[in-house]
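1. What shape does this take:
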Amino acid sequence: MKIDIEAIRSLAKLLDETNLSEIEITEGDNSVRVNRGGSASMVNYAPVSAAAPVVSSAGAPAVATGNDAAANPNSLKSPMVGTVYLQPEPGKPSFVSVGDSVKEGDTLLIIEAMKVMNPIKATKAGVVKSIFVSDAQPVEFDEPLMIIE
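-> Residues are numbered from 1 along each chain as shown. Now for the predicted structure:
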């Protein structure tokens, strides 16, 4: 496999621009991951299928599920691989619930990646229509997390 140094530099620049701690891109069986710890890795592996999304609020209407959620333009997707936490700490109320109004910049959830807690903020104002993850669930890069309309 040929290593594309420019692609790695572009990913590192994207980390700085977005203030993410890690980013991973997969194309076919090849994957490139860059993190703030200074390491980059290119691996060759077979894709793993992800578990079906779960709507976390019973009785709330889901706008989209499965592949529909990924195609929805209002879908907030995971910027990294990690573990989702819906509350700031155990025993505290969730950051948001289905039906809540949010403003741009509000913290929606936390993704823990490599022992770093990364707050995921709303990119626009709106109402939380669906939440596809549950607390302490592992997530993949670009996996739909919720829909905000």
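2. which residues sit against stretch 112-127?
-> 20-22, 35, 37, 74, 76, 78-83, 85, 99-111, 145, 148-149 (Cβ atoms under 8 Å, 6 or more residues apart in numbering). C-beta coordinates here come from the backbone N, C-alpha and C atoms, glycine included.
3. Restricted to buried residues, select those residues in ChimeraX.
-> Selection of buried members from the contacts of stretch 112-127 for ChimeraX, criterion 16 or more other Cβ atoms under 10 Å:
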select :20,21,22,35,74,76,78,79,80,81,82,85,102,106,108,109,110,111,145,148
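4. Out of the contacts of stretch 112-127, list just those in strands.
-> Under the assignment DSSP state E, those contribute 22, 35, 76, 82-83, 85, 101-102, 107-111, 145, 148 to strands.
5. So among those residues, where is pLDDT lowest?
-> Least confident entry in the ones in strands among the contacts of stretch 112-127, by pLDDT: Asn35, with 74.
6. Next, the contact list for that one, please.
-> Leu15, Ser21, Glu22, Ile23, Ala113, Met114 are the contacts of Asn35 under Cβ under 8 Å, 6+ apart.
7. where along this protein do the helices fall?
-> Along the chain, the segments classed as helices by DSSP state H run 5-18, 67-71.
8. Reformat the ones you listed as TSV; add mean neighbour count and mean pLDDT.
-> Listed next are the helices of the chain as TSV, based on neighbours: other Cβ atoms under 10 Å; pLDDT from 0 to 100:
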stretch	mean neighbour count	mean pLDDT
helix 5-18	13	76
helix 67-71	14	68
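9. possible to save those helices as TSV with distance to Ile120?
-> Supplementary listing: the helices of the chain in TSV, determined by distance: least, Cβ to Cβ, whole Å:
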stretch	distance to Ile120
helix 5-18	11
helix 67-71	16
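10. how far away is Lys124 from Leu76?
-> Computed as Cβ to Cβ, to the nearest Å, the Lys124 to Leu76 distance reads 9 Å.
11. Need the residues touching each of the two.
-> Ile148.
12. so what's the residue most central in space within the chain up against?
-> Geometric centre of the chain, nearest residue: Ser78, 1.2 Å, by Cα atoms, centre = their mean. With contact set as Cβ under 8 Å, 6+ apart, Ser78 has these partners: Val84, Ile111, Ile120, Val139, Glu140, Phe141, Asp142, Glu143, Pro144, Leu145.
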